[in-house]
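no FASTA, just this:
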Ligand SMILES: C[S@@+](CC[C@H](N)C(=O)[O-])C[C@H]1O[C@@H](n2cnc3c(N)ncnc32)[C@H](O)[C@@H]1O
């Protein structure tokens with residue numbers, strides 16, 4: 001069985017762990033199906049980033065479900081997403097943030113800061129969020145442009161969750177921008193940590209050095225999903 005068909009077969013199982021309205025589940029099903037049936041894109045010299053312009057390059061459904069559940073478990077309300085593309089993973093982040101805000105006793109605030117530097121991708125993301133409805137879109141602030149600039153200022157005081165789903169060489173610069181605002185106990189997730197281990201070498205060296213304040217493990221999803229908790233710098 002190919003990787004694509006195996007992901008399609010697990011789509012319903014992944015979606016069964018998501019608490020969402022039937023129309024939103026149908027939208028997620030449709031977007032994942034489109035994403036899983038597009039030609040695969042692996043960032044490399046042979047496939048430059050421009051080759052990904054018309055592709056989702058999205059997190060697979062089981063990873064999205066895992067990320068959604070992590071956010072619910074940790075009651076995350078302030079989230080940064082590095083790499084938004086067509087906004088599929090962002091829908092899960094916004095869904096969880098909205099549910100966390102709605103079920104908490106604290107202030108009714110929360111936000112997903114999404115980032116995308118390709119205008120055509122940002123446009124598609126906005127279209128998908130509009131289809132998802134106000135209950136999703138109202139939690140998302142899309143910062144268009146190079147995230148090394150757009151994440152330099154106006155970050156929330158405390159960030160609960162960082163999703164690193166960006167070209168691997170940008171992961172460490174992104175983490176360093178966000179780290180001063182990570183709350184103790186914040187979760188960081190990075191995709192394809194095993195399959196792109198060479199490109200992630202600087203990120204891995206940084207996060208595995210205990211003095212930088214992270215405790216990490218790799219969850220055995222396709223390509224390896226790095227999961228870390230920020231425990232604070234000593
Ligand atoms: C793997 S895709 C994100 C997929 C998305 N998280 C999902 O699961 O639906 C990575 C995205 O990062 C964007 N990107 C690459 N370099 C960037 C940069 N410097 N600033 C902002 N976005 C960037 C790419 O255009 C691409 O759409």
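Perfect, I can see it now. Note that this is a predicted model, so its numbers are computed, not measured.

Report all helices and strands that the helix or strand where residue 141 lies contacts.
Secondary-structure assignment from DSSP states H and E places residue 141 in strand 140-144. Applying 3 or more C-beta pairs under 8 Å, 6 or more residues apart in numbering; DSSP states H and E, one finds that strand 140-144 contacts strand 111-116, helix 119-132. Heads up, the C-betas are built off the backbone N, CA and C, glycines and all.

That one to strand 111-116, inter-axis angle?
When axes from the mean of the first three to the mean of the last three C-alpha atoms, to 10 degrees is applied, the directions of strand 140-144 and strand 111-116 differ by 30 degrees.

Does at least one residue of strand 140-144 sit close to the ligand?
No. Using C-beta under 6 Å from any ligand atom as the criterion, no contacts between strand 140-144 and the ligand are found, and the smallest distance is 8.2 Å.

Each with direction, which strands does that strand pair with?
Strand pairing for strand 140-144, determined by DSSP bridges: strand 111-116 (parallel).

residues making contact with the strand it pairs with?
Taking contacts as C-beta atoms under 8 Å, 6 or more residues apart in numbering, the residues outside strand 111-116 that touch it are 77-85, 87, 90, 93-94, 97, 122, 125, 139-144, 147, 150-151, 155-156, 166.

circling back to that earlier point, most tightly surrounded among the helices and strands packed on strand 140-144?
A comparison of the helices and strands packed on strand 140-144 by mean neighbour count, using mean count of other C-beta atoms under 10 Å, puts strand 111-116 on top with a mean of 26.

Return the distance of that strand from the chain's centre.
Its chain's C-alpha centre lies 9 Å from the corresponding centre of strand 111-116 when counted by C-alpha atoms, centre = their mean, to the nearest Å.

filter the contacts of strand 111-116 to the buried ones?
By neighbour count, with 16 or more other C-beta atoms under 10 Å, these hold 77-85, 87, 90, 93-94, 97, 122, 125, 139-140, 142-144, 147, 150-151, 155-156, 166 as buried.

Quick check, central residue of this structure?
The residue lying closest to the centre of the chain (C-alpha atoms, centre = their mean) is residue 163, at 3.9 Å.

Just the element for that residue, please.
Using DSSP H and E, residue 163 falls within strand 159-164.

just checking, next helix/strand downstream of that strand?
Moving toward the C-terminus from strand 159-164, the first helix or strand encountered (DSSP H and E) is helix 171-178.

Ramachandran angles for residue 108?
When quoted as degrees, to the nearest 10, the phi and psi of residue 108 stand at phi -80, psi 60.

Likewise for residue 224?
Note on residue 224: its backbone torsions stand at phi 90, psi 120 [degrees, to the nearest 10].

related to what we said a few turns ago, tell me what the residue nearest to the centre of the chain is bridged to.
residue 81, residue 189.

Surely it touches residue 76?
No. With contact defined as C-beta atoms under 8 Å, residue 163 and residue 76 do not form a contacting pair (10.4 Å).

hmm, back to that, switch the helices and strands packed on strand 140-144 over to JSON lines; also include distance to the ligand.
Supplementary listing: the helices and strands packed on strand 140-144 in JSON lines, determined by distance: least, C-beta to the nearest ligand atom, whole Å:
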{"stretch": "strand 111-116", "distance to the ligand": "5"}
{"stretch": "helix 119-132", "distance to the ligand": "5"}
